[in-house]
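K.L.:
Based on what follows, work out the 3D shape:
(one chain, ligands or ions: 2)
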Amino acid sequence: MTDRNELRVAIAGLGSIGTKIATALDQGIEGLSLSAVAVRDPAKHQAFIGGLRRPPQILPLDQIGEAADIVVECAPSSQLRAIVEPAVKRGRAAVVVSVGGLLDNFDLVDLARANGGRILVPTGALIGLDAVNAAAVGTIHSVKMVTRKPIDGLKGAPFIIQNNIDIDNLREPLKLFEGSAREAAKGFPANVNVAVALSLAGIGPDRTQMQVWADPTVARNVHRIEVEADSARFSMGIENVPSENPKTGMITALSVIALLRKQRATLCVGT
Ligand SMILES: NC(=O)C1=CN([C@@H]2O[C@H](COP(=O)(O)OP(=O)(O)OC[C@H]3O[C@@H](n4cnc5c(N)ncnc54)[C@H](OP(=O)(O)O)[C@@H]3O)[C@@H](O)[C@H]2O)C=CC1
Ligand SMILES: O=C([O-])CC(=O)C(=O)O
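P.N.:
Ligands and ions are numbered 1, 2, ... in the order given. This is a model prediction of the structure:
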């Protein structure tokens, strides 16, 4: 039975990130319960959902906002609008992991504001957005980010296909892209959500500069960031162990779980 004071959480997409969040909610997060999921093919996920202690309802994407106070989007970015729009229209909170998709749908922020909804972007596979948020209260002069991924983590990216770049036979690191976080998100929608999150925490997608490297010498998704602000200069780095989806670092799901834990926790640490 659901405690009426519990926040109901619904998850859209049960892939590498969504299944971890569903499992954590099912095992228990203070004050939260898993109320619904949306999947493309229910039959494929039947065993997983049936194996949960309290199996959630399975609802169409656009209806999960009805069954939840918080909707967690962890599907491909092409589905972001279909998931977030109905939720924020109903005044719900939407946790967005496909944050690159927000740039082309930024009106959702206005829609959320007009209806009392919220859009929450977790730190995800990155580090230090608390410091970037704080520095942005003052003046940030520049934010630069360099991402290196193993070949398997980059395969299929539109930028690579459109430019006909062969990364399969690389022996040395190859710089694929240099430009703004906005342009990077277009070329690598499943690879640089982190750069967009960084940009939204700091100086925006047009001023945040980034490089993307295909690197056969690394086994992890490596992100290095340099921030120059009036309050501080800082460098940050993270080397993510890929999950079963080689494009996605394992820490991404953990970051969402940490964000969910904060919704009702008595002790909250970090901004
Ligand atoms: N913010 C960040 O730091 C990071 C964000 N990401 C982003 O997070 C998102 C999820 O990543 P990840 O879990 O690894 O991806 P996966 O590919 O592992 O999972 C995506 C899931 O979405 C499901 N899906 C696809 N279309 C629909 C639909 N129409 N309705 C419902 N479900 C659908 C897929 O279903 P099926 O199982 O049937 O294929 C799959 O289960 C991606 O956009 C990724 O780029 C990733 C890493 C870091
Ligand atoms: O997991 C990572 O290292 C980053 C990632 O895929 C993304 O930002 O989309």
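K.L.:
Name the nearest residue to E226, ignoring sequence neighbours.
P.N.:
K144 (4.7 Å; Cβ to Cβ, 6 or more residues apart in numbering). Heads up, the C-betas are built off the backbone N, CA and C, glycines and all.
K.L.:
correct me, but the one you found touches G202?
P.N.:
No: using Cβ atoms under 8 Å, K144 makes no contact with G202, being 10.8 Å away.
K.L.:
roughly how far apart are V196 and V37?
P.N.:
Here the criterion is Cβ to Cβ, to the nearest Å. By it, V196 lies 25 Å from V37.
K.L.:
I'd like to know the beta-bridge partner residues of the residue nearest to E226.
P.N.:
Counting by DSSP bridges, K144 is bridged to Q209, E226.
K.L.:
One more: the one 4 residues further on?
P.N.:
Using DSSP bridges, the beta-bridge partners of R148 come out as W213, V222.
K.L.:
got it, and V37?
P.N.:
With DSSP bridges as the rule, V37 is bridged to I11, I58.
K.L.:
How many residues are close by it?
P.N.:
Close neighbours of V37, defined as other Cβ atoms under 10 Å, add up to 29.
K.L.:
For the closest residue to ligand 1 within the stretch 101-250 of the chain, which residues are in contact?
P.N.:
Distances between the stretch 101-250 of the chain and ligand 1 by Cβ to the nearest ligand atom are smallest at G124, namely 2.2 Å. Residues counted as contacts of G124 (Cβ atoms under 8 Å, 6 or more residues apart in numbering) are 97, 99, 193-194, 197, 251-252, 255-256.
K.L.:
gap between it and N240?
P.N.:
G124 sits 10 Å away from N240, going by Cβ to Cβ.
K.L.:
Mutual contacts of these two, please.
P.N.:
251-252.
K.L.:
Against which helices or strands is the biggest helix by length in the chain packed?
P.N.:
Longest helix in the chain, counting residues (DSSP state H): helix 251-264. Helix 251-264 is packed against strand 7-12, helix 16-27, strand 32-38, strand 70-73, strand 93-96, strand 233-240, with contacts defined by 3 or more Cβ pairs under 8 Å, 6 or more residues apart in numbering; DSSP states H and E.
K.L.:
what's the longest one in contact with?
P.N.:
If you take Cβ under 8 Å, 6+ apart as the criterion, helix 16-27 is touched by 9, 11-12, 14, 32-34, 37, 48, 52-54, 56, 72, 74-75, 97, 243-245, 248, 252-254, 256-257, 260.
K.L.:
buried subset of those?
P.N.:
The neighbour count (16 or more other Cβ atoms under 10 Å) marks 9, 11-12, 14, 32-34, 37, 48, 56, 72, 74-75, 97, 243, 248, 252-254, 256-257, 260 as buried among the contacts of helix 16-27.
K.L.:
among the residues you listed, which are within reach of ligand 2?
P.N.:
Among the buried ones among the contacts of helix 16-27, the ones lying close to ligand 2 by the criterion of Cβ under 6 Å from any ligand atom are 248, 252.
K.L.:
Below-threshold pLDDT in this structure: ranges please.
P.N.:
Along the chain, segments meeting pLDDT under 70 span 1-4.
K.L.:
Ligand 2 contacts on that one?
P.N.:
Within reach of ligand 2 by Cβ under 6 Å from any ligand atom, the chain has these residues: 125, 190-194, 221, 240, 247-249, 252.
K.L.:
Looking at the residues you listed, which two lie furthest apart in space?
P.N.:
Distance extremes for the residues of the chain next to ligand 2: the farthest pair is A190 and N240 at 13.9 Å, using Cβ to Cβ.
K.L.:
Neighbour count: the two, which is higher?
P.N.:
Between A190 and N240, counted using other Cβ under 10 Å, N240 has the larger neighbour count: 21 against 18.
K.L.:
how about the nearest residue to that one, chain neighbours excluded?
P.N.:
G249 (2.8 Å).
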